[in-house]
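In: Quick one, fold the following:
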Amino acid sequence: MRPEELQRYSRQIILPGFGTEGQERLRAARALVIGAGGLGSPASIYLAAAGVGTLGMVEFDTVERHNLHRQILHGDAAVGRPKLESAEERLREVNPHVRFAGHAARLTAENAGEIIGGYDIVLDGSDNFATRYLVNDAAALCRKPLVYGAIFQFEGQIALFAPHIAGPCYRCLFPEPPPPGAVPNCAEAGVFGALAGAVGSLQALLAVRHLAGIGEPPLGQLTRFDGLRWRTTRFTVPKDDNCALCGRKASITTLDPARYIPAACAAPPAAPADTMTPAKHDEDTPMEITAEAARDRLAAAADPPILLDVREPFEVEIGAIDGHRHIPLRQLPEAYETLPRDRPVIAYCHHGMRSLRAAEFLRSKGLGRAQSLVGGIDRWSLEIDPSVPRY
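Out: The predicted model follows:
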């Protein structure tokens, strides 16, 4: 190492058990971060600051304003730019000695093995189950340790999965993804920004420890942190001998694209199941309507639909579609009778999940022409009216 590197890492090198040997191992290592978002931001910053030799990142998205409260790689000036470009600039500022390797692509079954196989460790900062299972499977098949992290509202989880060194994999804990609609995503449920910083930083800590060869790897442990109740819980995750990926008779031996189809996430039902009757489907009125078709219907002089916003009040304050009527989804069972039964209804929410539940509920109550706006107000902003703020 050059003198400036020794100076940069001096406080790390003097740690018991770390030394120049640990720093040299770290300098020779290759770490891959999946995503430049809430987890990938702090994880990559601390990996770069610690002196990992090559820092890879997989990212295809652009920076949006609603990212900024937790995705600390990016500043306000980066809105609209590719995340990968913004991330590289920031990480080069953090440490110019680190080699940055950007992969400007969506991780797929076709490219995951090649990308992940080129690194020594993988840090998962993905935000959907399809990618999470793909990263886990590819890492296990490539015999690479995986630092798992996940956040939801005020809760975070972290673990090190390495079945090739006798530890469990993610499928040992969760053999299959949850069914569609079982788990809301962060766009629907929200997430505490500083929690992403905490979990992502711990991912970097686990990765640096592993790459530098210090400490015992916490195999078979899942740590859960509740940021609202300020409580940490550790769970034992045994290796499952019957695991489809890393068990004795594993059935997952390749990355089959059909196994990683993204599942939809939905909000809770609008009303308890015992208050709902089967939805009345009008064959001439599909359950969902596109943004373009909704615009045309709303502009029609004859039989104009009611535009029903089923989001929460704070969301309406951010932005709304002109001419809407607001009834939050949770209040719909008590307020649906105020809607005229002789007019069609187009319900919308943020991304189209809550509004689909609203349309199903309204049809079950006799409003047979109720529809849900596909993609919600977010799609409306992208395709119809860019003046409507995205969040």
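
In: Look up how far residue 378 lies from the nearest residue to residue 81 once chain neighbours are set aside.
Out: Leaving out its chain neighbours, the residue that sits closest to residue 81 by CB to CB, 6 or more residues apart in numbering is residue 63, at 5.5 Å. From N, CA and C alone the C-beta is placed, and that goes for glycine too. Note on residue 63: its distance to residue 378, by CB to CB, to the nearest Å, is 16 Å.

In: How many residues are close by the residue nearest to residue 81?
Out: Counted by other CB atoms under 10 Å, the residues lying close to residue 63 total 24.

In: In terms of pLDDT, where does it sit?
Out: Listed pLDDT for residue 63 reads 96.

In: quick one: it and residue 78 touch, right?
Out: Yes: look at residue 63 against residue 78 with CB atoms under 8 Å: they come within range, at 4.5 Å.

In: who touches both of these two?
Out: Residues touching both residue 63 and residue 78 by CB atoms under 8 Å, 6 or more residues apart in numbering: residue 86.

In: list the contacts for the residue nearest to residue 81?
Out: Neighbour list for residue 63: 71, 74, 78-83, 86 [criterion: CB under 8 Å, 6+ apart].

In: Please repeat the previous calculation with a cut-off of 10 Å.
Out: Neighbouring residues of residue 63 by CB atoms under 10 Å, 6 or more residues apart in numbering: 36-37, 71, 73-83, 85-87.

In: Likewise for residue 40?
Out: Residue 40 is in contact with 33-34, 47, 57-59, 71, 73, 83, 87, 123-127, 149, 196, 200, 203, counting by CB under 10 Å, 6+ apart.

In: So which of those belong to strands?
Out: 33-34, 57-58, 123-124, 149 (DSSP state E).

In: mind giving me a markdown table with these and columns for pLDDT?
Out: Shown next, in a markdown table, are the ones in strands among the contacts of residue 40 (pLDDT from 0 to 100):
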| residue | pLDDT |
| --- | --- |
| 33 | 98 |
| 34 | 98 |
| 57 | 98 |
| 58 | 98 |
| 123 | 98 |
| 124 | 98 |
| 149 | 97 |
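
In: wait, which of the residues you listed is closest to residue 25?
Out: Checking the ones in strands among the contacts of residue 40 against residue 25 with CB to CB, the nearest one is residue 123 at 17.2 Å.

In: just the helices in the stretch 151-300 of the chain please.
Out: 170-173, 186-189, 193-212, 291-299 (DSSP state H, counting those that start in this stretch).

In: ok so, going back, of the ones in strands among the contacts of residue 40, just the buried ones, ChimeraX syntax please.
Out: Buried residues among those (16 or more other CB atoms under 10 Å), as a ChimeraX selection:
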select :33,34,57,58,123,124,149
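
In: Reformat the ones in strands among the contacts of residue 40 as TSV; add distance to residue 107.
Out: Formatted as TSV, these follow (distance: CB to CB, whole Å):
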residue	distance to residue 107
33	11
34	6
57	11
58	5
123	13
124	10
149	16
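
In: and which of the ones in strands among the contacts of residue 40 is nearest to residue 175?
Out: residue 124 (17.4 Å).

In: which residues touch the closest one?
Out: 32-35, 39-40, 43, 131-132, 134-136, 139, 146-150, 161, 170, 203.

In: tell me which helix or strand of the protein sits lowest on mean pLDDT?
Out: helix 186-189 (a mean of 67; mean pLDDT, DSSP states H and E).

In: Quick check, residue 73 in contact with residue 55.
Out: No: the criterion here is CB atoms under 10 Å, and residue 73 misses it with residue 55 at 11.9 Å.

In: Need the residues touching each of these two.
Out: 43-45, 87-88, 91, 94.

In: Compute the distance between residue 327 and residue 13, please.
Out: In terms of CB to CB, residue 327 sits 61 Å off from residue 13.

In: What pLDDT is listed against the nearest residue to residue 253 once chain neighbours are set aside?
Out: Spatial nearest neighbour of residue 253, excluding adjacent residues (CB to CB, 6+ apart): residue 141 at 7.4 Å. The model reports residue 141 with a pLDDT of 98.

In: so what's residue 141 up against?
Out: Counting by CB under 10 Å, 6+ apart, residue 141 has contacts 112-113, 116-117, 163-164, 245-246, 250, 252-255.

In: Residue ranges in the chain under the pLDDT threshold?
Out: 179-188, 263-283 (pLDDT under 70).

In: that older thread, what two of the shared contacts of residue 73 and residue 55 are the furthest from one another?
Out: So, the shared contacts of residue 73 and residue 55 by CB to CB: farthest apart are 43 and 88, at 15.1 Å.
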